[in-house]
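In: turn this into a model:
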Amino acid sequence: MLEPREGIPPVVADAAALAEVVARFAAGTGPVAIDAERASGYRYGQRAYLVQLRREGAGSTLIDPVGCPDLSALGAALADTEWVLHAATQDLPCLAELGMRPGLLFDTELAGRIAGFPRVGLGPMVESVLGYTLEKGHSAVDWSTRPLPEPWLRYAALDVEVLVDLRDALERELAEQGKLEWAREEFAAIVAAPPPPPRVDPWRRTSGVHKVRRRRQLAAVRELWQTRDKVARERDVSPGRILSDAAIVAAALAMPLNVHSLQGVPGFGPRIHRRALEQWLGAVDTARAVPEAQLPPSSAPHEGPPPPRSWAEKDPLAAARLSAAREAVVELAGSLNLPQENLLSPELVRRVSWTPPAPATVEAIAEALRGHGARGWQVELTAPALARAFTTPA
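Out: Got it, this is the predicted structure:
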């Protein structure tokens with residue numbers, strides 16, 4: 001597919017044009033295809049810099065959220081309409097920031113997983129299901145660029161061009177496999193899910209932090225990460241463009257005492273301005289001055305069972321249960337042509353294996369799975385398999 005059917009639509013960037021779009025899409029029929037483009041790797045955060053929509057009777061539209069930061073009227077006009085997105089959990093947060101939240105959802109990527117497709121990216125799905133090839137060369141560009149180049153706009157419009165056609169084909173496939181109700185439960189769970197809570201100690205997600213063993217050095221990672229995050233937010237730049245994770249870890253391991261020694265650390269070479277070097281050194285000095293009692297613990301606090309690698313030592317019976325449960329889930333998923341993580345998440349398998357109900361009957365395990373958030377179809381399929389698996393180590 002080289003061109004949208006009606007050509008590249010103009011970019012909507014003011015209130016008058018947006019009002020016309022709202023009226024047009026409210027008068028349309030059937031599901032609405034929606035996509036959003038972010039500037040990941042270029043800008044701070046995950047805000048949308050372009051929103052694409054297509055609906056029968058309304059055609060396609062491209063909306064600039066910089067010029068139209070409030071799309072709540074459009075969201076309200078589509079509140080009773082099924083939204084079709086690909087990998088919805090990636091786009092729904094940035095759409096919610098604009099005032100758009102679905103009441104009914106069809107996720108074509110998740111549908112592809114449940115249907116057993118080996119490749120579920122939008123391009124491969126469109127090609128294998130509909131026989132079209134989509135040009136995907138602009139997926140990682142800086143969508144905060146203004147004005148947006150015409151090839152990028154063409155790419156963006158094509159992303160929603162056949163999304164409803166893909167949805168219809170996948171719905172038929174799921175129905176033929178007897179999996180349509182499973183998919184609908186999953187879509188409803190995405191719609192109903194609350195916003196995720198703020199991450200505890202987000203600095204611990206620094207790539208390579210596992211190399212840092214000492215608590216004082218972990219404090220340096222924390223201070224450098226927080227300094228970088230503050231600078232990135234103020235400049236509206238992706239944190240990785242301010243300072244790489246590798247440089248943060250290297251500085252924490254070296255704990256330099258002055259600017260000269262910091263310049264010898266990989267990632268802090270002569271191209272970095274002295275004022276910036278002093279800023280990073282200040283973060284290290286702050287970590288060096290943290291009282292011993294306030295140093296971060298060696299490992300992140302967490303709820304739930306311990307890491308599985310320690311189970312054999314802590315509780316050999318639980319380790320045996322986990323091994324049997326994993327094997328049962330893998331076998332069942334294979335028989336259903338499902339990814340095992342979609343049949344039952346690894347975290348949920350760990351939780352129910354660490355503290356199973358007593359006695360571990362099918363009914364008791366089903367109740368435990370529901371308590372941990374498993375959907376009805378998952379409970380129905382996996383509770384009997386887990387009950388059988390838990391009898392093995394006992």
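
In: wouldn't Val330 be in contact with Leu338 here?
Out: No. Using CB atoms under 8 Å, Val330 makes no contact with Leu338, being 10.5 Å away. For every residue, glycine as well, the C-beta is placed using N, CA and C.

In: return the distance of the nearest residue to Val290 once chain neighbours are set aside relative to Gly30.
Out: Spatial nearest neighbour of Val290, excluding adjacent residues (CB to CB, 6 or more residues apart in numbering): Ala219 at 5.0 Å. In this view, Ala219 and Gly30 are 56 Å apart by CB to CB, to the nearest Å.

In: who's more crowded, the two?
Out: The neighbour comparison of Ala219 against Gly30 (other CB atoms under 10 Å) goes to Ala219, with 24 against 15.

In: re the thing from before, what helix or strand is the residue nearest to Val290 on?
Out: Ala219 belongs to helix 215-235 when assigned by DSSP states H and E.

In: repeat for Trp83
Out: Assigned by DSSP H and E, Trp83 belongs to strand 82-85.

In: show me what that strand is packed against.
Out: Applying 3 or more CB pairs under 8 Å, 6 or more residues apart in numbering; DSSP states H and E, one finds that strand 82-85 contacts strand 29-38, strand 104-107, helix 163-177.

In: coming back round to it: the more surrounded of Val330 and Leu338?
Out: Leu338 (21 against 12).

In: helix/strand/coil for the more buried one?
Out: With DSSP: H, G, I helix; E, B strand; the rest coil as the basis, Leu338 sits in coil.

In: how near is it to Thr108?
Out: Distance of Leu338 to Thr108, given as CB to CB: 16 Å.

In: mind listing what's buried in the helix holding Ala219?
Out: Using 16 or more other CB atoms under 10 Å as the test for burial, helix 215-235 gives 217-225, 227-228, 231-232.

In: and if you look at stretch 252-272?
Out: Those would be 252-256, 262, 265, 267-268, 272, for stretch 252-272 by 16+ other CB under 10 Å.

In: ok, Val249 - how many residues close by?
Out: When neighbours are counted by other CB under 10 Å, Val249 registers 24.

In: my guess is it meets Val212, correct?
Out: Yes. At 6.3 Å, Val249 and Val212 qualify as touching, with contact defined as CB under 8 Å.

In: give me the common contacts of the two.
Out: Taking CB atoms under 8 Å, 6 or more residues apart in numbering as the criterion, Val249 and Val212 both touch Val221.

In: what's Ala283 in contact with, if anything?
Out: By CB under 8 Å, 6+ apart, the contact list for Ala283 reads 220, 223-224, 226-227.

In: now the residues you listed in CSV, please, with extra columns for distance to Leu50 and pLDDT.
Out: Listed next are the contacts of Ala283 as CSV, based on distance: CB to CB, whole Å; pLDDT from 0 to 100:
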residue, distance to Leu50, pLDDT
Ala220, 39, 98
Glu223, 36, 98
Leu224, 33, 98
Gln226, 31, 98
Thr227, 31, 98
